[in-house]
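> give me the fold of what follows.
(chains A and B, ligands or ions: 4)
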Amino acid sequence: MEHDTGGVSTLSTKIVVNGTPQELTHDVRTTLLDALRDHLGVTSAKKGCDHGQCGACTVLVDGRRVVSCLSLTASLDGTEVVTAEGLGSPEDLSDLQQAFVDRDGLQCGYCTPGQVCSAQAMLAEAAAGMPSHVTDPSALADPDAALELSDAEIRERMSGNLCRCGAYVNIVAAIRDTAAQRAAATGASEEETS
Amino acid sequence: MRPFTYERARSVADALRRTVGATDDGASAAYLAGGTNLIDHLRLGIRETDRLIDVSHLDLTEVTELEDGGLRVGALARNADVAAHPLVRRRFPVVSAAMLAGASGQLRNMATMGGNLLQRTRCVYFQDPSTPCNKREPGSGCSAIEGLGTYNALIGASDACVAVHPSDLCVALAALDVTVVVEGPLGERRIDFADLHRLPGDHPEQDTTLDRSELITTIEIAGPGFAGHSRYRKLRERASYAFATVSVAAALDVQDGRVADVRLGLGGVAHRPHRARRAEDALRGGPATHEAYAAAIAAELEQARPVPTTPTRCSSCSAPSRRCWTR
Ligand SMILES: Cc1cc2nc3c(=O)[nH]c(=O)nc-3n(C[C@H](O)[C@H](O)[C@H](O)COP(=O)(O)OP(=O)(O)OC[C@H]3O[C@@H](n4cnc5c(N)ncnc54)[C@H](O)[C@@H]3O)c2cc1C
Ligand code: SF4
Ligand code: FES
Ligand code: FES
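Ligands and ions are numbered 1, 2, ... in the order given. As a prediction, the model looks like this:
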């Protein structure tokens, strides 16, 4: 619904944020990042560059990772948004969040919510067989080839998330641990059902 | 950002009606796809619009087969989805590889095929409204010619603008048989990919031959048939997530040690994705050897006009080219 109020037009947009339906009235120009931080008080998504370059504002929209600083709220009517708060809480961390803690995958923590959201989606992308820039050319051209999530793959797939503190080595370790745990858990449950 | 209104297009016809309607009213309109280029430019004040027409929800996201073995890709399909699509990976791996070499996982999830083609040809000064730039403000001068020119065009630049087209995807498409299908006020128009982007000449403010109201609906990749054997190589200042210093897209058909056919695109060298026809001609029918490839790239670069700020860029074209052949 569009209203015109003296040159600036406002809109009502419905989105579900971390499981809670929200209806917000906002300036048409509001990005998802500003809507989250300034309208909804969801502050885990960080404004690093505001130009799509750093990944600190990464959130999941309908399960896919995006940079919220270049996403227009108006375009997202009807979507489901998940931020780091929605992945787990301090009392009940997700496996990935716990791995970041266990591996010291952070220093100042500014980039961390974006890293965690990005990693969550990246693991799903890899599990779905999506290739990357470092995937071997013969495997790229063969959609049936198995894809192994090596450290080089993790680094490449996470290159959209910058960390000024340089916690990269431990971030890769945390993601590697989580991937292994999840693979083991899937293997175990497959054995149970067979 | 200057205020604008937001409208969600319900169909291609609806999108066109809204855009043409705006123009008839003396207003400006812009199509919003993934927004990764447009939102940034609206916010920087580089682009202004009265009406934003959101086409990102249009049902133009499928990858389907053409009868001759080619593919038809919807203009609103996301770069990540097309790069991972099994048909694209099998038939045109160079297209997948080029997209995967560009931007980041997050941006590829947002960026669309049409938006990638129409992202602005630009340099760092274009992005900085405090500097003169003929592309941003015609007649204001060019900051790059005498400035930080590491990325300046080597081929086809003008005195008005030396920017290069930043897309990786477009370098792959330049090497293939591609038709861009657009819908405009006068109906459908089919544009050969080579005719989509412009050299700067005296009008660097125009990146393409499209009219502002025309909407890209489909990208058809028809061949060549040997594109199953194709590669993309990109040189950049860091290992990942940076624009190209130079890049090469190559498709090669070698029979009995001879180059039966070849397609070559070069990125980072010109105001538009560059099809390296001279190199192709030099190679076709000759031996498939390193010497022949090196000579072919040298033949292509005879037309290059490197400036003092780009001393190594010509020689850097040969390294990714070589790696296209050897891996
Ligand atoms: C930090 C960063 C790094 C990047 N790195 C790379 C890189 O390494 N390689 C690379 O190739 N790209 C890179 N990009 C650019 C990115 O790929 C483009 O911004 C993206 O492809 C644009 O697509 P979009 O759908 O978001 O377009 P939008 O931003 O929505 O639109 C771009 C332009 O195209 C017009 N438009 C969009 N769709 C249509 C259509 N169907 N018909 C007519 N007009 C249309 C819009 O009106 C607008 O003028 C980078 C971008 C960022 C922000
Ligand atoms: S090279 Fe082109 S885009 Fe860059 S400052 Fe000069 S005119 Fe502007
Ligand atoms: S704040 Fe969005 S990418 Fe930096
Ligand atoms: S932990 Fe400080 S920026 Fe990453």
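> what sits up against stretch B:74-82?
Contact partners of stretch B:74-82, identified using C-beta atoms under 8 Å, 6 or more residues apart in numbering or on different chains, comprise A:64, A:125, A:130, B:33-34, B:55-56, B:58-63, B:73, B:88, B:95-96, B:99, B:102-103, B:105, B:107-114, B:116, B:169, B:215-219. Every C-beta, even on glycine, is put in place using the N, C-alpha and C of the backbone.
> please see if the top helix by length along chain A touches ligand 4.
Identified as the longest helix of chain A according to DSSP state H is helix A:168-193. No - applying C-beta under 6 Å from any ligand atom, one finds helix A:168-193 out of contact with ligand 4, separated by at least 8.1 Å.
> coming back round to it: which of the contacts of stretch B:74-82 are buried?
Listed as buried from these are A:64, A:125, A:130, B:33-34, B:55-56, B:58, B:60-61, B:63, B:73, B:88, B:95-96, B:99, B:102-103, B:105, B:107-114, B:116, B:169, B:215-219; burial here means 16 or more other C-beta atoms under 10 Å in any protein chain shown.
> so which of those are in strands?
For the buried ones among the contacts of stretch B:74-82, membership in strands holds for A:Arg64, B:Val63, B:Val73, B:Leu215, B:Ile216, B:Thr217, B:Thr218, B:Ile219, with DSSP state E as the criterion.
> and which of these is nearest B:Thr209?
Taking C-beta to C-beta as the measure, B:Thr209 sits nearest to B:Ile216 out of these, at 12.1 Å.
> follow-up on the earlier one: which of the buried ones among the contacts of stretch B:74-82 fall in helices?
Of the positions in the buried ones among the contacts of stretch B:74-82, A:125, B:88, B:95-96, B:99, B:105, B:107-110, B:113-114, B:116, B:169 sit in helices, assigned by DSSP H.
> for the residues you listed, which one is nearest B:Pro3?
Checking these against B:Pro3 with C-beta to C-beta, the nearest one is B:Met110 at 23.4 Å.
> so what's residue 29 up against?
Just going to use chain A. Applying C-beta under 8 Å, 6+ apart to A:Arg29 gives the contacts A:Leu72, B:Met1, B:Pro3, B:Phe4, B:Leu42.
> actually it's chain B I care about, not the one you picked
Neighbour list for B:Ala29: B:Arg18, B:Thr19, B:Ala22, B:Thr23, B:Thr49, B:Asp50, B:Arg51, B:Leu52, B:Ile53, B:Arg212, B:Ser213 [criterion: C-beta under 8 Å, 6+ apart].
> identify the residues contacting the third one.
Neighbouring residues of B:Ala22 by C-beta under 8 Å, 6+ apart: B:Ser28, B:Ala29, B:Asp50, B:Arg51, B:Ile53.
> could those residues go into CSV alongside distance to B:Pro132 and pLDDT?
Formatted as CSV, the contacts of B:Ala22 follow (distance: C-beta to C-beta, whole Å; pLDDT from 0 to 100):
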residue, distance to B:Pro132, pLDDT
B:Ser28, 23, 95
B:Ala29, 28, 96
B:Asp50, 26, 96
B:Arg51, 29, 96
B:Ile53, 31, 98
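> among those, which lie within strands?
Counted as lying in strands by DSSP E, out of those, are B:Ala29, B:Arg51, B:Ile53.
> quick check: which ranges of chain A have low pLDDT?
Counting by pLDDT under 70, chain A has low-confidence residues at A:1-7, A:192-194.
> that one: helices as residue ranges?
A:32-34, A:84-87, A:95-102, A:112-127, A:137-140, A:151-157, A:168-193.
> repeat that for chain B.
Ranges of helices in chain B, per DSSP H, are B:12-24, B:38-44, B:79-84, B:86-91, B:93-100, B:105-110, B:113-118, B:169-175, B:277-283, B:290-300, B:313-326.
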